[in-house]
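1. let's see this in three dimensions:
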Amino acid sequence: MKKALIPLLILILLTPLPASADEEGDSVYTILDESGGALTSYAGVPQAGDEYISGDNRHFRIARVDAESNRAYAQALGAFQLPDVTWEEDDATPVARQKRAVALYCTHSDESYEPADGSSSISKRGGIYDVAEALKKHLEEKGVTVYYSDENHFPHDAGAYRRSRATAAALQEEGVDAIFDVHRDGIPDASQYESQVDGQEITKVRLLVGRSNQNAEANKQFAAQIKAVADKRYPGLVKDIYIGKGTYNQDLMSQAVLLEFGTHKSDKDDVLASTAFMADVLTRALYGGVTGSAGSGAAQENTGGWKGVAWVLGALVAGMFVYALLATGSGKQAFAKFKGNFREMTGGLPGKRKE
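-> Next up, the predicted model:
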């Protein structure tokens, strides 16, 4: 009996683990609204409770999933209110995050673009790294420090996010302001991602957020902020926001979002073109309208420091004059006393001291 169980145990051990909710599956689902109209496609298996924010900011929640027909049915929740981002135009926007640094990595190292790369999956180094490196270059042109990892997390299986977690955690230790996991979608219909920005052919970018972690609401709001800036600056750049059941390692930090640049059927040149616009959006969403060296953490810190010094000096001068007025009881005498005290304090800066 024991000998008979050995082949069965070997078979179980050799069978690949099923993909978790974090994984892109082979299935492609159509998500429908309550009237049966198609909202979008989703590579993988959507779960009841997932949320979807469409390109025109309609908010839905997945109510039912039909595995036989590869369809999911979504309940309308009304309009989704994007945050006010008028501050992103102001070059004087105070920057709370002084590091001015972000992290980039690719969980699914094999993801590629069939038309240019010859395959949708290349195990050693997929075309997705070209996209991540283009995004890195454009972010650095905006004065953002980018901590980038080209670590390979292949294979594209249930353990990919577990392996990439070590990469994301190491990048987080650099003290970055945000972490972006760069992907491409797996739906076969590339037309859903085709778009134009400023007359240039590009692919849209889907923002993917995990809802199974303590940072879920903050991650969602961060994605909404990115979309708000994109809709304002480059309408048609951000496709939508999908809030799925996974964690996507976004429990590591509240400013963490997965970015899907086009699909495996997309023209890679169009995908690369979108990275320049996305870099501008991410920079503005994090740091406001300040770009280049003018937006460095040191510059922001210095500006705030001099304002603080000026305020303290102003308060000190006012206090000295009030003290002189109380001591003399006369405006003229108070002014004379104030000048004397100020000359003594500053070593004669306002004028020559009497010998």
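2. any idea how far Arg64 is from Ala74?
-> The gap separating Arg64 from Ala74 is 9 Å, by C-beta to C-beta, to the nearest Å. In short, each C-beta sits where N, CA and C put it, glycine included.
3. the more surrounded of the two?
-> Neighbours were counted for Arg64 and for Ala74 using other C-beta atoms under 10 Å; Ala74 has more, 23 against 12.
4. my read: the more buried one touches Ile62, true?
-> Yes: the pair Ala74 and Ile62 qualifies as a contact (C-beta atoms under 8 Å) at a distance of 5.3 Å.
5. now Tyr234: how far from His183?
-> 20 Å.
6. who has more neighbours, these two?
-> His183 (23 against 20).
7. state the three-state secondary structure for the residue nearest in space to the middle of the chain.
-> Nearest to the mean C-alpha position of the chain, counting by C-alpha atoms, centre = their mean, stands Val257 at 4.9 Å. Of the three states, Val257 takes strand under DSSP: H, G, I helix; E, B strand; the rest coil.
8. give me every residue that touches it.
-> By C-beta atoms under 8 Å, 6 or more residues apart in numbering, Val257 lies in contact with 178, 180-181, 207-209, 219, 222-223, 226, 250.
9. greatest separation within those: which pair is it?
-> Of all pairs drawn from the contacts of Val257, the widest gap by C-beta to C-beta lies between Ala178 and Leu208 and measures 14.6 Å.
10. quick one, helices of this protein?
-> 2-14, 114-117, 128-141, 160-172, 216-233, 268-287, 297-328, 331-346 (DSSP state H).
11. number of nearby residues for Ala190?
-> Using other C-beta under 10 Å, Ala190 has 19 other residues around it.
12. tell me how far it lies from Ala256.
-> With the distance defined as C-beta to C-beta, Ala190 ends up 27 Å from Ala256.
13. repeat that for Ala170.
-> For Ala170, the distance to Ala256 (C-beta to C-beta) stands at 14 Å.
14. check Ala63 too.
-> Distance from Ala63 to Ala256, counting by C-beta to C-beta: 27 Å.
15. and Thr145, by the same measure?
-> Note on Thr145: its distance to Ala256, by C-beta to C-beta, is 17 Å.
16. same question for Ile62.
-> 22 Å.
17. comparing these two, which residue is more hemmed in?
-> Ala256 (27 against 23).
18. and the nearest residue to that one once chain neighbours are set aside, how many neighbours does it have?
-> Sequence neighbours aside, Gln250 is the residue nearest to Ala256 in space, at 4.1 Å (criterion: C-beta to C-beta, 6 or more residues apart in numbering). For Gln250, the neighbour count with other C-beta under 10 Å is 29.
19. ditto for the one 3 residues further on
-> Under the neighbour criterion other C-beta under 10 Å, Met253 is assigned a count of 20.
20. that one against Phe180, yeah?
-> No: Met253 is not in contact with Phe180 according to C-beta under 8 Å; the separation is 10.8 Å.
21. which residue, other than its chain neighbours, is closest to Ala178?
-> Take Ala178 and drop its neighbours on the chain: the residue closest to it by C-beta to C-beta, 6+ apart is Gln255, 3.8 Å away.
22. same check, this time on Tyr113
-> In space, and not counting its chain neighbours, Tyr113 is closest to Lys268: 4.3 Å by C-beta to C-beta, 6+ apart.
23. just Gln221 next, same as before
-> Nearest one to Gln221, counting by C-beta to C-beta, 6+ apart, is Pro83 at 7.1 Å.
24. got phi/psi on that neighbour?
-> Main-chain torsions, Pro83, degrees, to the nearest 10: phi -70, psi 150.
25. distance check, it against Arg211.
-> Taking C-beta to C-beta, one finds Pro83 at 19 Å from Arg211.
26. so who does the residue nearest to Ala256 touch?
-> 209-210, 213, 215-216, 219, 256-258.
27. mind giving me the ChimeraX select for the residues you listed, buried ones only?
-> In ChimeraX, this line selects whichever of those come out buried by 16 or more other C-beta atoms under 10 Å:
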select :209,210,213,215,216,219,256,257,258
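28. which of the contacts of Gln250 scores worst on pLDDT?
-> Taking the contacts of Gln250 together, the minimum pLDDT is found at Asn213 (93).
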